[in-house]
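1. Could you look at this predicted model? Sequence included:
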Amino acid sequence: MAKSTKSRSLAYLALLGNALLWGLAAPIVKKGYSQGLDPYLFLFGRMFVAFLFSLPLITILKHSPGFAKSFTPKNLIKTIPLEILGTVITLVLLYEGLRLTTAVEASLITMALPIFITIGGLVFLKEIITKKEWFGLALALLGTFLLVIKPLLTQEINGDTLGNLLVLIQNLTAAAYYLLAKKHYQNQNKLAITHISFIIGSICFLVPFLVFNPTPISSMLALFSLTQPWPLLAILYMAIPGSILGLTLYLYGQDKIEASEASLFTYLQPAFAIPASILLLSESISLLELLATGIIITGVIIAEKH
């Protein structure tokens, strides 16, 4: 019993850390975009740098349990298309959407993700949700609803509609990935899976960067500008804290608790994204948005309290 409680507590801590790291992603990347960062250079750069930084860990931990198993042809046949869905397609939708809309709006729209994960967990994974978890989820959904309708109520809709739509669509692809990952990666080495995703992402994102960017070399050299440091900072942040640490924390936490329960932590990401968007991008937040964020956090606490 004590072991189960400790395991669950560690899962919650890992998912809270993941919410912080991924919550800060949108404003940091958006700041990079404001200084001319190419979306596909960003996606390639974050994956390739993450791949390089993970190599020492791979060398040290390559003999850890389940590591070699993840690289067998039998597993790779399933892992490669799964990572194309979760790493390539999902991230293209998210960051192309972010390029067109605001960091606050992108963060708030991604809060719909747990809805799809919860439904998928109930239908496909036969997961069970307690009454208390339903109540916590309902509170979190109420907060989300307030955030979603806020632009309609105030008539202060910012950003491009297409950007918002792309971010919403990535919720669907991300939910499918998380649910499939819950089943396929349950007994696999999480570091190995993370490393494989970096390899696939580096290859898949390099191609569109070279195809759609007429001056790829100049774009890469511009990353080292001292007067515009945010493009490089965005790549480094998403490569190390955002990719290596963030994905590992999420996969660890999701492996220890139900997918629907783990998805509730997504509601915490805007609590970190909104203040960062205000500080870095001068984006605004209303009293209604603060209230809704508080309701969301309360819902998560209730749902996760055992």
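-> Great, that's in hand.
2. do you know how far the nearest residue in space to residue 112 that is not next to it in sequence is from residue 165?
-> Sequence neighbours aside, residue 171 is the residue nearest to residue 112 in space, at 5.2 Å (criterion: Cβ to Cβ, 6 or more residues apart in numbering). Quick note: C-beta positions are derived from backbone N, CA and C, even for glycine. Distance check for residue 171 against residue 165: by Cβ to Cβ, to the nearest Å, it reads 11 Å.
3. got it, and residue 176?
-> Here the criterion is Cβ to Cβ. By it, residue 176 lies 18 Å from residue 165.
4. What of residue 278?
-> From residue 278 across to residue 165, the span is 25 Å (Cβ to Cβ).
5. ok, back up a step: buried residues of the helix or strand containing the residue nearest to residue 112, list them for me.
-> Residue 171 is located in helix 161-184, with elements delineated by DSSP states H and E. Residues of helix 161-184 classed as buried: 163-164, 166-171, 173-182 (neighbour count, 16 or more other Cβ atoms under 10 Å).
6. what sits against residue 266?
-> In this structure, residue 266 makes contact with 19, 110, 111, 113, 114, judged by Cβ atoms under 8 Å, 6 or more residues apart in numbering.
7. Go through these and name the one nearest residue 42.
-> residue 110 (17.6 Å; Cβ to Cβ).
8. which residues sit in contact with that closest one?
-> Listed by Cβ under 8 Å, 6+ apart, the contact partners of residue 110 are 94, 167, 170, 171, 266, 269, 270.
9. 7 Å instead?
-> 167, 171, 266, 269 (Cβ atoms under 7 Å, 6 or more residues apart in numbering).
10. One more: residue 17?
-> Counted by Cβ under 7 Å, 6+ apart, residue 17 has contacts residue 249.
11. That one is in what secondary structure piece?
-> Residue 17 belongs to helix 2-23 when assigned by DSSP H and E.
12. Point out where this structure drops to low pLDDT.
-> Segments of the chain classed as low confidence (criterion: pLDDT under 70) are 1-3, 147-161, 259-260, 303-306.
13. hang on, residue 235 packs against residue 48?
-> No. Taking Cβ atoms under 7 Å as the definition, residue 235 is not a contact partner of residue 48, at 9.0 Å.
14. Those two: who's more crowded?
-> residue 235 (26 against 19; other Cβ atoms under 10 Å).
15. Surely residue 104 touches residue 283?
-> Yes. In this structure residue 104 lies within contact range of residue 283 using Cβ under 7 Å: 5.0 Å.
16. More neighbours: those two, which one.
-> The residue with the greater number of neighbours, taking residue 104 and residue 283 and applying other Cβ under 10 Å, is residue 104; the counts read 25 against 18.
17. any idea which helix or strand carries that one?
-> Under the criterion of DSSP H and E, residue 104 resides in helix 103-109.
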